[in-house]
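Novice: Sequence first, predicted model second:
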2 protein chains.
Amino acid sequence: MNTTTHNLRVDGSRLWSTIMETAAFGATPAGGLNRLTLSAEDGRVRDWFRDACEAAGLEVGVDALGTQFALRKGRDTSRAPVACGSHLDTQPTGGRFDGILGTLAGLEVMRALNDAGIETEAPLLLVNWTNEEGSRFAPAMMASAAYAGEFTAEDILSRRDAAGISVAEALDAIGYRGDEPVGTRRIGRFVELHIEQGPILEAENTTIGVVEGGQGIAWFDGTITGFESHAGTTPMPRRRDALLGLAEIALGAEAIARAYWPSAVATVGEAVIGAPSRNVVPGQVRFTLDLRDPKSETLDAAEAALRERIAEIAARRNLAVELTRIWRKEPVPFDPAIVASVQGAAEALGLSHRRMVSGAGHDACNLAARVPTAMIFVPCRDGVSHNESESATQGDCTAGANVLLHTLLALANAPA
Amino acid sequence: MNTTTHNLRVDGSRLWSTIMETAAFGATPAGGLNRLTLSAEDGRVRDWFRDACEAAGLEVGVDALGTQFALRKGRDTSRAPVACGSHLDTQPTGGRFDGILGTLAGLEVMRALNDAGIETEAPLLLVNWTNEEGSRFAPAMMASAAYAGEFTAEDILSRRDAAGISVAEALDAIGYRGDEPVGTRRIGRFVELHIEQGPILEAENTTIGVVEGGQGIAWFDGTITGFESHAGTTPMPRRRDALLGLAEIALGAEAIARAYWPSAVATVGEAVIGAPSRNVVPGQVRFTLDLRDPKSETLDAAEAALRERIAEIAARRNLAVELTRIWRKEPVPFDPAIVASVQGAAEALGLSHRRMVSGAGHDACNLAARVPTAMIFVPCRDGVSHNESESATQGDCTAGANVLLHTLLALANAPA
């Protein structure tokens, strides 16, 4: 921090009021938000956001997938903007902070710089990415993925929701099919502030998560086939019980993830017995498995260990088990220099902090494929997210916004 | 066996032909039967059965729940008849032997006695119990339960199927609401021949199961409550995963049942995750548990062991587990004298045999509460029942019918 900006802080009360003001768009009786991407409510919060950005002197553009870009000029207009932002859409029973904090904290940063009369060397850019959540249109984080070149805009525009409405039609319905071609907006660096959506920071009483990257993810579909038989007449040793096979596989996945503690996690989230009946030994179970780790090699090793364990279980219980990996996303390392900037800002602000990896996916994880990127986490109550009860304190939101402010200043004022 | 009847045998070919002939009523393309109780197909097989019984000189009556009774007079008409029989209804994708073997073997016994010109001391009675299967109307085995006094006829007549049709209406529709009040038919002894519906006889290459009683059954409903959380952001040690709780409970139930080997069996037949999603740690699981043993004390001990195990799992995993016993049926001991008669018949016929307990429920288990009763089992292929592929050999069916014949002769000709 230089002397001019050393004592600069965001207005935490204004940020909090802004978060609560926009919570009117799609408010649920339980205090959460239902603001599905490209819904009428999403249209209203976008209009509010555009107006607020323009009132802050930013120049707002919209790309062909509806992503909003709000530019604050810098002294050197030839430099690529240093960008921040997140998303304003929510899950159908979402909360007030997921995505919203990062977007509105970016707005608050712009307002604070305006109030202090500070001009940065590089321009600053605030982004509201379309459809981070993926609740209405798949895939999640589609606009940032298209920006990074993972999908074409045409492909994404043709995706349809459960009612058969395409992304293109939904964008037209709320007037957010912009004229800026996807991927053409210049972004030099990207920093995303977000609630952790996990319990670590709260449990350790730490304010700032300095996020070094996104986990790798492997998704599996499994089928266990045994033999349906009578619960009363089939002796225990003669059974080929598919549910007991699942039980051992789920516990085996847990043990393997724990063996890679603290990094790996494994989850059997879905399990369905074929033709279930209380007096029939289950003959078939379908299940899903979600395996994550920050290291590619650990994903490989955990998958190999799991397959070995499954083979042993299947042989011992006389079951046929198929396990198919349906998706794998490699770990996303963030840019070490930006990660260091985030940590430096937290230290300079005297905030408790720790290095961590993002367990969830974020737009920043897509951006990282094209642009040097990092993230800032703040705690959320009980680690709960994607829930109307999602909550974060004003103090933590303010702290996160201040780290964002000083990270952006450091990046934008550094020599080009 | 006395000298008159020592060499008497049923006509195995005629029995087999009869089984195959009646398999036309409700035949499925896959070679099984769909003959739900009181359906039009059930009406047709009942008509066929009545005609065949009358052709064999039997006097056929029908009670108010449609159960058919076919009487063969004895020398001493004051003696209560020695009865046999089973049921002619099937599961929607049932087989050709479950219930049918016992009923048609009874018919073959009558025919064989007629052919040999043999009159027994006590009368003989052949019964076709209404709704053994319970697929259309609950409960299963309702007519024999009403006969034994467990339900009133009025109660049973008012039960409705999924389409809203009552038992009374279904009986009227096929003309089988008889005028004989339920429970008034005299039965002195009851013997039921049935396929084992389990794998033990086949595995041990044994022809005859001498059934000493029916198992006790305890049914439980359970709910495991943990906490739904993000599969990517929740470290393994912080999880309260309800599915992993179920996994340990199911494996614990298996271990407890095996500790009481060879008698006890335990089955988790249904398990449903609340709001399942592949990237969410399961927060709730509902499940069922079926626990059986021939001894009441073992049921008690196994339940106590299971509850202790569950308490340990719940405490260690920070889960709330509720386990409610929703039904318990005490073990049904069969009459030792009739069991000895069955064994004596098998020995005299030179058939391999073993004592065993019925794992499934049967009309005989209900009858035993009122009438001295026993059962005879024969093997079925792979232990499979309630399936269109259900199968038994002609040799085993013949052997079972011969044991039934000689058991009935011994009982009916014994001094009153």
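Specialist: Arrived safely.
Novice: can you pull the pLDDT of the closest residue to chain B within the stretch 201-350 of chain A?
Specialist: For the stretch 201-350 of chain A, the residue closest to chain B is A:Thr233, as judged by Cβ to the nearest Cβ, at 2.9 Å. Where C-beta positions appear, they are placed from N, C-alpha and C, glycine not excepted. Confidence at A:Thr233, expressed as pLDDT, is 92.
Novice: what's near enough to touch it?
Specialist: Contacts of A:Thr233 were listed using Cβ atoms under 8 Å, 6 or more residues apart in numbering or on different chains, and they are B:Glu196, B:Gln197, B:Gly198, B:Pro199, B:Ile200, B:Ser358, B:Gly359, B:Ala360, B:Gly383, B:Ser385.
Novice: from these, which are also near chain A?
Specialist: B:Glu196, B:Gln197, B:Gly198, B:Pro199, B:Ile200, B:Ser358, B:Gly359, B:Ala360, B:Gly383, B:Ser385 (Cβ under 8 Å from any Cβ of the partner chain).
Novice: Looks to me like the residue of the stretch 201-350 of chain A closest to chain B is in a helix.
Specialist: No. Under the criterion used here (DSSP: H, G, I helix; E, B strand; the rest coil), A:Thr233 is coil, not part of a helix.
Novice: gap between the residue nearest the centre of chain A and chain B?
Specialist: Nearest to the geometric centre of chain A sits A:His362, at 2.9 Å (Cα atoms, centre = their mean). Taking Cβ to the nearest Cβ, to the nearest Å as the criterion, A:His362 is separated from chain B by 10 Å.
Novice: which other helices and strands contact the helix or strand hosting A:Gly213?
Specialist: Of the helices and strands defined by DSSP states H and E, A:Gly213 is found in strand A:208-214. Taking 3 or more Cβ pairs under 8 Å, 6 or more residues apart in numbering or on different chains; DSSP states H and E as contact, the helices and strands that strand A:208-214 lies on are helix A:200-203, strand A:332-333, helix A:336-348, strand A:353-358, strand A:373-378, helix A:394-413.
Novice: go again using 6 Å as the cut-off
Specialist: When contacts are defined as 3 or more Cβ pairs under 6 Å, 6 or more residues apart in numbering or on different chains; DSSP states H and E, strand A:208-214 packs onto strand A:332-333, helix A:336-348, strand A:353-358, strand A:373-378.
Novice: could the ones you listed go into TSV alongside mean neighbour count and distance to chain B?
Specialist: Output for these, formatted as TSV (neighbours: other Cβ atoms under 10 Å in any protein chain shown; distance: least, Cβ to the nearest Cβ, whole Å):
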stretch	mean neighbour count	distance to chain B
strand A:332-333	18	12
helix A:336-348	19	19
strand A:353-358	20	8
strand A:373-378	29	10
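Novice: Show me what from the stretch 151-300 of chain A comes close to chain B.
Specialist: Selection of the stretch 151-300 of chain A residues close to chain B by Cβ under 6 Å from any Cβ of the partner chain yields A:197-199, A:230-234, A:236, A:238, A:243-244, A:247, A:250-251, A:254, A:257-258, A:265, A:267-270, A:276-281, A:288, A:290, A:292.
Novice: Following element in sequence after the helix or strand of chain A with the lowest mean pLDDT, please.
Specialist: Sorted by mean pLDDT, DSSP states H and E, the helices and strands of chain A end with strand A:229-230, the least confident at a mean of 90. On the C-terminal side of strand A:229-230, the nearest following helix or strand under DSSP H and E is helix A:242-259.
Novice: List the buried residues for that next one?
Specialist: A:242-254, A:256-257 (16 or more other Cβ atoms under 10 Å in any protein chain shown).
Novice: tell me which of those residues is nearest to A:Ile217?
Specialist: A:Ala257 (13.0 Å; Cβ to Cβ).
Novice: May I have the residues that are in contact with the closest one?
Specialist: Contacts for A:Ala257 (Cβ atoms under 6 Å, 6 or more residues apart in numbering or on different chains) come out as A:Ala264, A:Val265, A:Ala266, B:Met236.
Novice: One more pass at 10 Å, please.
Specialist: A:263-267, A:291-293, A:298, A:302, A:305-306, B:235-236, B:239 (Cβ atoms under 10 Å, 6 or more residues apart in numbering or on different chains).
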